[in-house]
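# Here is a sequence together with a model predicted from it:
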Amino acid sequence: MRLEVVVVPVTDVDRAKDFYRALGWREDADVATGEDFRVVQMTPPGSACSVIFGTGVTSDAPGSAHGLHLVVDDIEAARTELVGRGAKVGEVFHDAGGVFHHAGTGGRVPGPDPERTSYGSFASFDDPDGNAWFLQEITTRLPGR
């Protein structure tokens with residue numbers, strides 16, 4: 001099995017499409033079968049998993065997708081690139097516990113993980129609807145990955 005698609009609930013399909021396109025994501029599809037159904041599929045660079053959003057594709061409230069993670073090789077370079085593309089990305093942080101970030105902003109320590117351990121550094125941003133994304137730096141995968 002492979003995770004292929006994640007549905008992201010949005011209010012304005014064209015605004016979301018413009019936002020993700022500005023991030024450098026590839027548009028795979030934009031299909032409408034009437035005013036009540038439209039599906040847009042976009043894929044982040046280098047990803048095998050895409051996002052879908054549109055009209056009539058989910059009953060979830062716009063902005064309710066939280067904890068979506070984009071894996072990057074270099075957290076600071078990725079943050080700089082996304083900021084340059086117009087995203088409002090927060091500062092790089094690591095978790096006080098050193099394992100994974102806590103829900104909300106509790107336990108966040110400014111700056112990348114001091115040891116630059118794989119899986120240990122993060123940055124976050126929201127899309128225009130408030131769907132919450134994280135960048136996570138992974139340089140060496142866990143065994144079996």
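All right, it came through fine.
# Tally up the residues packed near residue 116, please.
13 (other Cβ atoms under 10 Å). (C-beta placed from N, C-alpha, C; glycine too.)
# which ones are touching it?
Each residue near residue 116 by Cβ atoms under 8 Å, 6 or more residues apart in numbering is listed here: 137, 139.
# Quickly run through the sheet partners of the longest strand anywhere in the chain, with directions.
When the chain is parsed with DSSP state E, its longest strand is strand 26-34. Strand 26-34 sits in its sheet next to strand 37-43 (antiparallel), going by DSSP bridges.
# distance between the partner strand and the chain's centre?
Centroid separation between strand 37-43 and its chain, computed with Cα atoms, centre = their mean, to the nearest Å, is 16 Å.
# residues of it that come out buried?
38-43 (16 or more other Cβ atoms under 10 Å).
# where do the strands sit along this protein?
Under DSSP E, the chain gives strands at 5-7, 26-34, 37-43, 50-55, 68-72, 93-95, 108-110, 121-126, 132-137.
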